[in-house]
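**Q** 3D model of this:
(3 chains)
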Amino acid sequence: MKVTLKIWRQPDAASDGAMHTYEVDDVSEDMSFLEMLDVLNEQLNARDEEPIAFDSDCREGICGMCGLMINGEPHGPEVTTTCQLHMRSFKDGDEIVIEPWRADAFPVVKDLCVDRGAFDRIIQQGGYISVNTGAAPEAHSIQVPKEAADRAFDVATCIGCGACVAACPNGSASLFMGAKITHLGELPQGQAERDTRVVSMVAQHDHEGFGGCTNIGECTAACPKEIPLDVISQLNKDLRTALQHGH
Amino acid sequence: MTDMPDTTLTSDPSYHEPSAGESDDAVGYYVPGDPIIDAKAPDGPIDERWSTRKFEARLVNPANRRKLSIIIVGTGLAGASAAATLGEAGYVVKSFCYQDSPRRAHSIAAQGGINAAKNYKEDGDSVHRLFYDTVKGGDYRSRESNVYRLAEVSTNIIDQCVAQGVPFAREYGGLLDNRSFGGVQVSRTFYARGQTGQQLLIGAYQALERQVHAGTVTTYTRHEMLELIVVDGKARGIIARDMVTGAIETHLADVVVLASGGYGNVFYLSTNAMGSNVTASWRAHRKGAYMANPCYTQIHPTCIPVSGAHQSKLTLMSESLRNDGRIWVPKKKEDCAKDPRDIPEADRDYYLERIYPSFGNLVPRDIASRAAKYQCDDGRGVGPEVEGVRRGVYLDFADAIARLGREAVEEKYGNLFDMYARITGEDPYVVPMRIYPAVHYVMGGLWVDYDLQSTIPGLFVTGEANFSDHGANRLGASALMQGLADGYFVLPHTIRDYLADGPFETVAEDHPAVVEARTAVEKRIEHFLTVNGTRSVDSYHRELGNIMWEYCGMERTEDGLRKAIDLIRTLRDDFHRNVKVLGSADSLNQSLEKAGRVADFLELGELMCIDALNRRESCGGHFRAESQTEDGEALRHDDLYAYVAAWEYAGDPDSDAMGAPVLHKEDLVYTAIEMKQRSYK
Amino acid sequence: MARITLEWEGDARGIPHVLHAIGTGPGGDSVATVATQTPSPVTGPTLVAGARAARTTIYLKLLMALSGLFFVGFVLTHMYGNLKAFAGHDAFNAYAEHIRTLGTPFLPYSGALWIMRVLLIASLVVHVACAAALWRRAKQARTVRYQVKKHTGAIFASRLMRWGGVTILLFVIWHLLNFTIGKVNVQGGPTNDPYNLLVDTFDTWWLTLIYLVAMAMLGAHLHHGTWSAFQTLGLTGTARARTRAKRLAFVLAFVVTVGFSIVPIFVLAGVISK
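**A** Residues are numbered from 1 along each chain as shown, chains lettered A, B, ... in the order given. Down below sits the predicted model:
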């Protein structure tokens, strides 16, 4: 099949960008979306145009490196990562608009690549349990109810791709934060730092320039790992509790 | 360019000597060197060696630690865990990764689990049994002291990860669950559904970020190491490129740790991440670090087959599928294009069940992989024709669904079936799955001693990037174990013995060795950007991958390997004359990044073939067609090849001419275990 | 001639963050830094120190949730009072009078009413100020907009919150002018008789229309707002609690909209009359 692509191109963070139109013929429906872009890049290279920069690494839906806004939806029309989206989700003659994640906290680095360092800095502010190597007690000395362990796992599947931010009309990273707060908050090991963790992480989140959450639910609809909206409730609750504890 | 590669190797036979008797096929391709020994492993009973070494390794006063700096390249399990631990200890750590966040390193994609000799199931497991299984699984080609240590610290890993909040699977009583994995008879694998690697990496990543907050670790993301700085024979830093600005940066330190992962992408198609590469290791190799057993490659039998020429990577599906799925191909070639549901039972060849009646579909990875290749080479493969061959075999769940019911199958394999359906567009509940082997892991890597130090003092290598623990084949759920063992519990002890020599003399940025390394990087980048040829980097990479897969893949032969070496040399020569890299050096340029990586793969590929040629035996993941039993099983030759092949780079350091590598052999001596030949019939 | 030019200075990545004023005059160039921008995360990532829960966006949301729930209580009471219109002139006016005598003689006449008014005004200030702050943040969080953006998770009501809120605020002002502060009777009738003022007002079709539009907006606002308040207060931590909160919010929005709307509709239809 044949598709028409409208792609955002921007040489670097400081320059202006614009949409460019490309056509790709001979697209097979078995191609992944990124393989279709690989094909386009080969063609661009052949005609001396610089290939389009886009991020991807594992290409099996787990590393969180890829992430494109495809026809107005983060990661495209399926509930999955961009790398796991296949061309069979499109049809011959489709026009596909491809943009980078848009958020001022995720500045564009080039073309479709953005800088998600803000996520790392949010984690630096407490998205961990402080235990030095070697200081851990025997694993079985900590019992975790299966329900808590399962919920912790469910939300710990977040891949940090940023689709939640990309989808959110407020540019908020609450789903990302909520997932980490819930993961660590469900476990007995995570209790000691629970209050300071949430306050510091949210403060960093705000400092990075993410917007506030208005509980709209675009994030969870876009999340390739289907992180539920109740992690944001948990996040809010933890912050409220911290507030009550005088933090 | 002045440093245009001279890829036609001097074939003057005068400096070549046979090294292992008549059976050495690689004569002429390498130079025999002195044997190498691991001087760091203490003698004595195997279960006391690590304690002894830890005690003997000198200490560094906490006050002096902040005066000592460590560069760690790679943020996978081995790199992130080491950075976090060394940061906690108080050293000044710089951590580098090419991804946009340390959390994205490819350890994240490991599915199955992590082994540990906790014996929570009271099923007879022990440190010694894990050691035994690992050495046996590695076909007696690993170093026993290292493996024993790995088994020993495995239990600490679980404690550490649980304390960090890694959400391992638990039973209703709230205690950790275990499963049996990879054909071993005890349940020692800890897991977090099918995302164990992700959860362990996030644990290590969080520990790393905690140290960033504490100010002991600085992370450099989207940075790629392009050269090692060696001053007065010691590793003292790296040259890295900021992949966003293109700036070439000099980073100096007292010690350098490579935790940069494996090089499976030399095959172009593999289950590795797109960016996984050998550059950090290869640059170190060119500066004097020996590369050990590079030909040991693990090929995983249950991957989703290639769907067309556009394919960019392969996706692994858990091996557990073989517990219930039956593998078959049509008996008749003309049936291959048919809908499998229309092929009657009588016309199906359940070849694993036929050839290996006792193990059937559960034969080890390498046997299952090779058998699939034979069926496809025989023209009985299924699925789409790619370049004239159908490369796939059926993995059929029809019997399992009939026996257990669809719901039970869904319960067990639902996630995998969904993933398969998403990628192929076929419903595996209705149409048999198609699978084909794919490169998954490399056991080879930079040679290290018991301290994980390479042949360059001050250069340590951990995780998949080193060679030491898995021998010729790796057991399932052991890669995660090794990465974390090295990073959390081994390296922090051994590196202090080296650092105890500090404080080290300060190296200036204008030191000739630093300037030379930097200039070399700049020249190389300029070279790629100015060749201005006609072919894309990817096209070379794909061609190299085809050569490697064809001749240095599941089955290797003397003729094939010789042919491969010629083909690689020609391809490498062409690459340096005809590659086309657009864009500039001073911005994000993914073609340029790939060019450097592919250039190194083109050199590594040749060394892998030479190593495979040298080893005229079949062991673990390395199968030489010349060395098999009458039944077609792998045949080891312990009398000739019970050694680690450690290769020294002998090429011209200033150009891409590789020269004939020097082979140093480290004899493998087993004191705690007896070598046995395996049989799966 | 002396001239002043403004020039941004970029960092290593070329992102401008310092604004220089370069004065060119007879004495040569002189440069003064007149402004600096907060560096974007690319240029100067910094970590926050001394974080306080009360300085976060979630704190603003908590204030919005609490003030919002206070309004929910108010509109329910207000609606209940309105429905007294069905009981006739005397019952309605007696209710209106009762609000003023509530708590007397402990409180002065109209004391309870004024306490309520002060609380409502305070809540309004808090609610609007927090909304404005969050709106502003949201705008700054994405200054370059998407060319194409689909909405896959949001219900329509949630997208109406901000402009809907503004509409409701304007309506409240009008409503107070109409019934409380200005007491405007467009039909020229008495303004000191609450029941008659109500009937005269809603007998006018366009006033009823304005009112109904406002109630629809209020319903939408409550539909998302009530659920959102529960979520912000952290009361929807499970899938079940979430479903219940959403259902409750819908029922509440429906009841309030219908409860407020039937009085003017019945006035217009002539069922409630003088």
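
**Q** Now chain A against chain C: closest residue?
**A** In chain A, the residue found nearest to chain C is A:Lys237; the distance is 2.4 Å by Cβ to the nearest Cβ. Where you see a C-beta, it was placed from the backbone N, CA and C, and this is true even at glycine.

**Q** Measure how buried the nearest residue to A:Leu5 once chain neighbours are set aside is and give me the count.
**A** For A:Leu5, the nearest residue in space outside its immediate sequence neighbours is A:Tyr22; the separation is 4.7 Å by Cβ to Cβ, 6 or more residues apart in numbering or on different chains. The criterion is other Cβ atoms under 10 Å in any protein chain shown. On that basis, A:Tyr22 has 18 neighbouring residues.

**Q** Equivalent analysis for C:Trp206, please.
**A** Here the count is done by other Cβ under 10 Å, and C:Trp206 has 8 residues near it.

**Q** ok, now B:Val431?
**A** B:Val431 sits with 16 neighbouring residues when counted by other Cβ under 10 Å.

**Q** Show me the strands in the stretch 1-150 of chain C, by range?
**A** Along the stretch 1-150 of chain C, counting by DSSP state E, counting those that start in this stretch, strands occupy C:3-10, C:16-25, C:28-36.

**Q** list the contacts for residue 140?
**A** Went with chain A since none was named. When contacts are counted by Cβ atoms under 8 Å, 6 or more residues apart in numbering or on different chains, A:His140 is found next to B:Tyr120, B:Leu175, B:Leu176.

**Q** Chain B, not that one
**A** By Cβ under 8 Å, 6+ apart, B:Tyr140 lies in contact with B:Gly471, B:Cys619, B:Arg636, B:Asp638, B:Ala642, B:Leu668, B:Tyr670, B:Ile673, B:Met675, B:Lys676.

**Q** For the helix or strand hosting A:Glu42, buried residues please.
**A** With secondary structure defined by DSSP states H and E, A:Glu42 is part of helix A:33-46. Residues A:Phe33, A:Leu34, A:Glu35, A:Met36, A:Leu37, A:Asp38, A:Val39, A:Leu40, A:Asn41, A:Gln43, A:Leu44, A:Asn45 are the ones in helix A:33-46 that count as buried (16 or more other Cβ atoms under 10 Å in any protein chain shown).

**Q** And stretch C:79-90, by the same measure?
**A** In terms of neighbour count (16+ other Cβ under 10 Å), stretch C:79-90 has its buried residues at C:Met79, C:Asn82, C:Lys84, C:Ala85, C:His89.

**Q** Would you mind confirming that the second one is in contact with C:Val256?
**A** No. Between C:Asn82 and C:Val256 there is no contact, the gap being 10.7 Å when judged by Cβ atoms under 8 Å.

**Q** Spell out which residues make up each domain of chain A.
**A** A:3-110, A:117-244 (automatic domain parsing).

**Q** mind pulling up the phi and psi values for the residue in chain C positioned nearest to chain A?
**A** In chain C, no residue comes nearer to chain A than C:Gly234, which is 2.4 Å away by Cβ to the nearest Cβ. Dihedral pair for C:Gly234: phi 80, psi 30, per degrees, to the nearest 10.

**Q** And for B:Leu459?
**A** Dihedral pair for B:Leu459: phi -110, psi 110, per degrees, to the nearest 10.

**Q** Quick check: the gap between the residue nearest to it when sequence neighbours are not counted and chain C.
**A** Closest residue in space to B:Leu459, ignoring its immediate chain neighbours: B:Ala235 at 3.7 Å, by Cβ to Cβ, 6+ apart. The span separating B:Ala235 from chain C equals 28 Å under the rule Cβ to the nearest Cβ, to the nearest Å.

**Q** Report whether stretch A:154-168 contacts chain B.
**A** Yes. Shown here: stretch A:154-168 in contact with chain B (Cβ under 8 Å from any Cβ of the partner chain) through A:Ala156, A:Thr157, A:Ile159, A:Gly160.

**Q** what's the average pLDDT for that stretch?
**A** If you average the pLDDT over stretch A:154-168, you get 97.

**Q** measure that stretch end to end?
**A** Using Cα to Cα, to the nearest Å, the end-to-end distance of stretch A:154-168 comes to 21 Å.

**Q** Let me see the contact set for the residue lying closest to A:Asn215 once chain neighbours are set aside.
**A** Spatial nearest neighbour of A:Asn215, chain neighbours left out: C:Ser228 (4.1 Å); criterion: Cβ to Cβ, 6+ apart. Shown here is C:Ser228, whose contacts under the criterion Cβ under 8 Å, 6+ apart are A:Thr214, A:Asn215, C:Ala65, C:Gly68, C:Ser158.

**Q** Show the pLDDT at the last one.
**A** Okay, so that is C:Ser158. According to the predicted model, the pLDDT of C:Ser158 comes to 91.

**Q** what do you get for the fourth one?
**A** Looking at C:Gly68, its pLDDT reads 97.

**Q** same check, this time on the third one
**A** Turning to C:Ala65, the model gives it a pLDDT of 97.
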